[in-house]
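Student: what's the 3D shape of this:
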Amino acid sequence: MDEFLICDEDNLRLDVFLSREEDSYTRSFLSGIISDGKVTVNGKVVTKSGYKLSKGDEVGYEIPEPVSTDIKPVDIPLDIVYEDDDLIIINKPQGMVVHPACGHYDDTLVNALLFHCKDNLSDINGVLRPGIVHRIDKDTSGLMVAVKNNETHVKMAEMIAAHDIKRQYRALVYGVISNEEGTIDAPVGRSGGDRRKMSVTEGGKPSVTHFTVVNRYTEATDLSLLLETGRTHQIRAHMTFIGHPVLGDPLYAPRRKDFGLTGQCLHSKSIEFVHPRTGRLISFDSELPDYYKNVLSQLSLLYNDK
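Tutor: Numbering: from 1, shown residues only. Down below sits the predicted model:
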């Protein structure tokens, strides 16, 4: 093992202890090296993050070197709304994948960030996701943050976990919602019937979405949504749960009228947080993209024809 530490209190979780001592890495990353067998307690390998330490225990651990990869910088234009030495805020277009995955290795946001930021991206999430501290789906457009160093990454991850980053979305959903506003407080987890989907399920993670009606049309409702938590597909799963899936969603509403959309009509419109280094309030709002405006025009015509 590369490093050794001595625990100074009883009944302390192993992952909590490491995250206190190694504040350059997230707790989830450190839990990963524990499960990978890269942590010992008193010379014996321990693979459970919840292992309880005793005062005086010697903890050894090894931070693995980044694995080489073929992910290359690519000169893809970025709509940058803010940038400094610590972070960058991007207005992501609909259809752009955030990080490399099967079928997408040279056309992702990560490829574009590697070209634009050079070597100035955090590496906590590994070589396939440099700088990525949170993500939005391929066909969801709008504002998201990437980070340039590990210190900022850790602080931003903590802010996300503490719900200290305000993220507001706009979505067009099927059907007419009668309430002016509402809150969906329902746990979201992986769907048992389709592993690509998330759904409201008893064993899911706590998930809260607040919504306000912006406008109503004959066939749809325009919503402003505020995320209190940030689960995978949270808005898409929550809106499906209440019977109003997002317009054009190929996964959650595959046989519904798509209004010419190539993906869900969901836009990350605004973001607000306190800068983790300067303490200054960062707040940005983006315009609705053309695909969203085009559907609004269609809905307005249908509404006026009734």
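
Student: skipping its backbone neighbours, what lies nearest residue 86 in space?
Tutor: The spatial neighbour of residue 86 that comes closest, neighbours along the chain excluded (Cβ to Cβ, 6 or more residues apart in numbering), is residue 152 at 4.4 Å. C-betas here are computed from N, CA, C, even on glycine.

Student: got the phi/psi numbers for that neighbour?
Tutor: Per-residue torsions, residue 152: phi -70, psi -40 (degrees, to the nearest 10).

Student: could I get the contacting residues of it?
Tutor: 86-87, 122, 276-277 (Cβ atoms under 8 Å, 6 or more residues apart in numbering).

Student: same check, this time on residue 258
Tutor: 247-248.

Student: that one - that's part of a helix, no?
Tutor: No. Residue 258: not assigned to a helix; according to DSSP: H, G, I helix; E, B strand; the rest coil it is coil.

Student: re the thing from before, mind checking pLDDT for the residue nearest to residue 86?
Tutor: On the pLDDT scale, residue 152 is placed at 94.

Student: would you point out the most distant pair within the contacts of residue 152?
Tutor: Pairwise distances among the contacts of residue 152 were taken by Cβ to Cβ; the largest, 13.4 Å, belongs to 122 and 277.

Student: if we can go back for a sec, now the buried members of the contacts of residue 152.
Tutor: Buried members of the contacts of residue 152, counted by 16 or more other Cβ atoms under 10 Å: 86-87, 122, 276.

Student: which of those residues fall in strands?
Tutor: residue 87 (DSSP state E).

Student: of the buried ones among the contacts of residue 152, closest to residue 284?
Tutor: The nearest member of the buried ones among the contacts of residue 152 to residue 284, counting by Cβ to Cβ, is residue 87 at 11.8 Å.

Student: so the closest one makes contact with residue 146?
Tutor: Yes. Counting by Cβ atoms under 8 Å, residue 146 is a contact partner of residue 87 at 6.8 Å.

Student: isn't residue 9 right up against residue 56?
Tutor: No. Between residue 9 and residue 56 there is no contact, the gap being 9.8 Å when judged by Cβ under 8 Å.

Student: if we can go back for a sec, in a markdown table, list the contacts of residue 152 along with pLDDT.
Tutor: Output for those, formatted as a markdown table (pLDDT from 0 to 100):
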| residue | pLDDT |
| --- | --- |
| 86 | 96 |
| 87 | 97 |
| 122 | 90 |
| 276 | 94 |
| 277 | 94 |
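
Student: which one of those is nearest to residue 78?
Tutor: residue 87 (13.7 Å).

Student: host element of residue 33?
Tutor: Element membership for residue 33 (DSSP states H and E) is helix 27-35.

Student: sorry, wrong one. I was asking about residue 115.
Tutor: Assigned by DSSP H and E, residue 115 falls within helix 109-117.

Student: before we move on, what about residue 20?
Tutor: For residue 20, the host element (DSSP H and E) is helix 14-21.

Student: swap in residue 238?
Tutor: helix 234-241.

Student: domains of this protein?
Tutor: As recorded under automatic domain parsing, the domains making up the chain are 3-61, 66-162, 163-306.

Student: endpoint to endpoint, the first one covers what distance?
Tutor: Its first and final residues considered, domain 3-61 spans 5 Å by Cα to Cα, to the nearest Å.

Student: ok, the one helix or strand in the chain whose mean pLDDT sits lowest: who's next to it in the sheet?
Tutor: Within the chain, confidence by mean pLDDT, DSSP states H and E is lowest for strand 3-6 among all helices and strands, at a mean of 80. Strand 3-6 pairs in its sheet with strand 58-61 (antiparallel), by DSSP bridges.

Student: after the strand it pairs with comes which helix or strand?
Tutor: Using DSSP H and E, the next helix or strand after strand 58-61 towards the C-terminus is strand 80-83.

Student: so how far is that next one off the chain centroid?
Tutor: Average the C-alpha atoms of strand 80-83, do the same for its chain, and the two points are 18 Å apart (Cα atoms, centre = their mean, to the nearest Å).

Student: does the longest helix along the chain pack against any helices or strands, and if so which?
Tutor: Longest helix of the chain, by residue count under DSSP state H: helix 290-305. Counting contacts by 3 or more Cβ pairs under 8 Å, 6 or more residues apart in numbering; DSSP states H and E, helix 290-305 packs against strand 166-174, strand 220-227.

Student: those: which one's closest to residue 105?
Tutor: Among these, the nearest to residue 105 by Cβ to Cβ is strand 166-174 (28.1 Å).

Student: and the closest one, what does it pack onto?
Tutor: strand 220-227, helix 234-241, strand 266-274, helix 290-305.
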